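> Got a sequence here, can you build the structure:
(one chain, ligands or ions: 2)
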Amino acid sequence: MKGTWFFPLALLLGLSLALAQEGKAPYGQYCASCHGSEGQGIPGAIPPLAGNPKVEDEAYVVKVVRQGLSGPLEVNGVTYNGIMPPLPQVSEAEARAIAQYLKGLSGTQAEAQAPAPQVPGDPALGRALYLGQKALQNGGAPCQACHTVAGVGFLGGGSMGKDLTDAAKRLGGEAGLAALLQNPAFPVMREAYKGRPLTEAEAAALAAFLVQVSQEVPRPSSLYLGRFLVAGLVLLAILLLYQAILWQLRPKSLSERIQSQLRR
Ligand code: HEC
Ligand code: HEC
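Ligands and ions are numbered 1, 2, ... in the order given. As a prediction, the model looks like this:
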C-alpha cells in the first residue's frame, strides 16, 4: 500500500493549482487596473502584490479587499501612502481565490513587466493643462476643477480633491505621479477620466509641473484670505447689480399702471 498517500496529495496539489488559476480572472477584473496586470504595482504610488511578503497571509488580503486600506505602509523598502477603497463587490470566495493566485506570482516576473521609464515632462505644458488653458487631448476635465495647488489660479481651484502642493513628495516624485495619473487610483478621478485617459506626454508634463510646485516656497495663507475677500466683494457687487436690474424689470402693479395712464 505504498502509493495510497499519493492520490490525496495529488488531489490537494491539483486543487490548490486550480484554486490559484481560479483567482486569475477576478484579479484581472478587480485589481489589475491599479496593481498592474502582473501585480507589479506602481513604484511609490501603488504597492506591488507580486513578491510582497504580506500577500502570503490570505486573511490579510481578504480583509484589505473587503475593508480597503489607507495609511503608510512599506513593501520591499519602498513606502506607500495611498488609499485603496473597499471592494464589497468582490465576494469573500473570490478574494480568497485572488489571494491564492497572488501567492503564485513571483516578484522577478513582475519586475520584467514594470513600466518603461517615463519621458521627461514639460512643467510649463503641465501648468497649462492643469489650469485648463490647454485642453487635454482625450477631453478629460482640467485638474483645477477639483484640485488646488498653492498659489496657482484664481482662488486656487476646486475643493473636491486634495491640495496637490506636496503630492510629488508623497507619491513617488515625477515617475510615480506620471504613472498614477495615467491610472488614477481614486474612485472619483477614475470616473472623471474613464474613457478619457491622459496621454503619456500629458501625464509626464503634469507630473513635472507638480514636482516644480512642490519645490516652490509655499505662499503665506494670508494671500488666500485676500483673494477670498476680493472674491466676496466682487460677488456682492454682482448681487447688488442683479437686484437693481430686477427692480427695474419688475412687473408693474395695477395702481402704477393707472398712474402712468393718467400722466399721459
Ligand atoms: C483603486 C485602486 C486599487 C484597486 C482597484 C485595488 N487596490 Fe489594493 N491597494 C491600492 C492602494 C493605493 C494600496 C495601498 C494603500 C496604502 O498605502 O495604505 C493597496 C494596497 C493593497 C494591499 C496591501 C499591501 C501591503 O503591502 O500591505 C493588498 C493586499 C491589496 N491592495 C490587494 C488588492 C486586491 C486583491 C485587489 C483586487 C480585489 C486590489 N487590491 C484592488 C489600490 C487598489
Ligand atoms: C472630478 C474631480 C477630479 C479631477 C478632475 C481630478 N482629480 Fe485628482 N483627485 C480627485 C479626488 C477626489 C482624489 C482623491 C484624493 C483626495 O482628494 O482625497 C484625487 C487625488 C489625486 C491625487 C493624489 C492626491 C494625494 O495626495 O493622495 C493626485 C496627484 C491627483 N488627484 C492629481 C490630479 C491631476 C494632475 C488632475 C488633472 C489631470 C486631477 N487630479 C483631476 C478628484 C479629481
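
> Give me the next element, helix or strand, following the worst-scoring helix or strand of the chain on mean pLDDT.
None of the helices or strands of the chain scores lower by mean pLDDT, DSSP states H and E than helix 107-112, at a mean of 46. Using DSSP states H and E, the helix or strand that follows helix 107-112 in sequence is helix 123-131.

> now the helix or strand just after that next one: how far from the chain's centre is it?
Downstream of helix 123-131, the next assigned helix or strand under DSSP H and E is helix 167-170. Centroid separation for helix 167-170 versus its chain: 13 Å, with Cα atoms, centre = their mean, to the nearest Å.

> Residue numbers of the stretch 151-264 of the chain in contact with ligand 1?
Ala185 (Cβ under 6 Å from any ligand atom). The way it works is simple: take the backbone N, C-alpha and C, and place the C-beta from them, glycine included.

> Recalculate using a threshold of 8 Å.
Ala185, Phe186, Pro187, Arg190 (Cβ under 8 Å from any ligand atom).

> Which one of those residues is nearest to ligand 1?
Proximity of those to ligand 1 (Cβ to the nearest ligand atom) peaks at Ala185, which lies at 3.9 Å.

> what's near enough to touch the closest residue to the closest one other than its chain neighbours?
Leaving aside its sequence neighbours, Ala185 sits nearest to Cys34 (Cβ to Cβ, 6 or more residues apart in numbering; 5.1 Å). Applying Cβ atoms under 8 Å, 6 or more residues apart in numbering to Cys34 gives the contacts Ile42, Ile46, Met84, Asn183, Ala185.

> Please apply the same query to Gly68.
Ile83, Met84, Pro85, Pro86, Leu87.

> quick one: pLDDT of it?
Per-residue pLDDT puts Gly68 at 92.

> So which residues on the stretch 101-250 of the chain come close to ligand 2?
129-130, 136, 140-147, 158, 160-162, 164, 166-167, 170-171, 177, 180-181, 184-189, 191-193, 198, 202-203, 206-207, 210.

> Show me what counts as buried in stretch 183-201.
By 16 or more other Cβ atoms under 10 Å, the buried positions in stretch 183-201 come out as Asn183, Pro184, Ala185, Met189, Ala192, Tyr193, Pro197, Leu198, Glu200, Ala201.

> So of these, which two are at opposite extremes in space?
Spanning the widest gap among the buried residues of stretch 183-201 are Ala185 and Ala201, at 21.0 Å by Cβ to Cβ.

> Report the buried members of the residues of the stretch 101-250 of the chain next to ligand 2.
Among these, the ones that count as buried by 16+ other Cβ under 10 Å are 129-130, 136, 140, 142-144, 146-147, 161, 164, 167, 170-171, 177, 180-181, 184-185, 189, 192-193, 198, 202-203, 206-207, 210.

> which two from the residues of the stretch 151-264 of the chain next to ligand 1 end up farthest apart in space?
The span of these, defined through Cβ to Cβ, is set by Ala185 and Pro187 at 8.5 Å.

> Flag the shaky bits of the stretch 1-150 of the chain, pLDDT-wise.
In the predicted model of the stretch 1-150 of the chain, residues 1-20, 106-119 satisfy pLDDT under 70.

> Which residue ranges of it form helices?
6-22, 24-30, 32-35, 58-67, 92-103, 107-112, 123-131 (DSSP state H, counting those that start in this stretch).

> And stretch 174-190, how far out from the chain middle?
The answer for stretch 174-190 is 5 Å, by Cα atoms, centre = their mean.

> what about the residue nearest to Ala185, distance to Thr199?
Distance, Cys34 to Thr199, by Cβ to Cβ, to the nearest Å: 20 Å.

> got it, and Glu58?
Computed as Cβ to Cβ, the Glu58 to Thr199 distance reads 39 Å.

> next one: Tyr130
Counting by Cβ to Cβ, the separation of Tyr130 from Thr199 is 15 Å.
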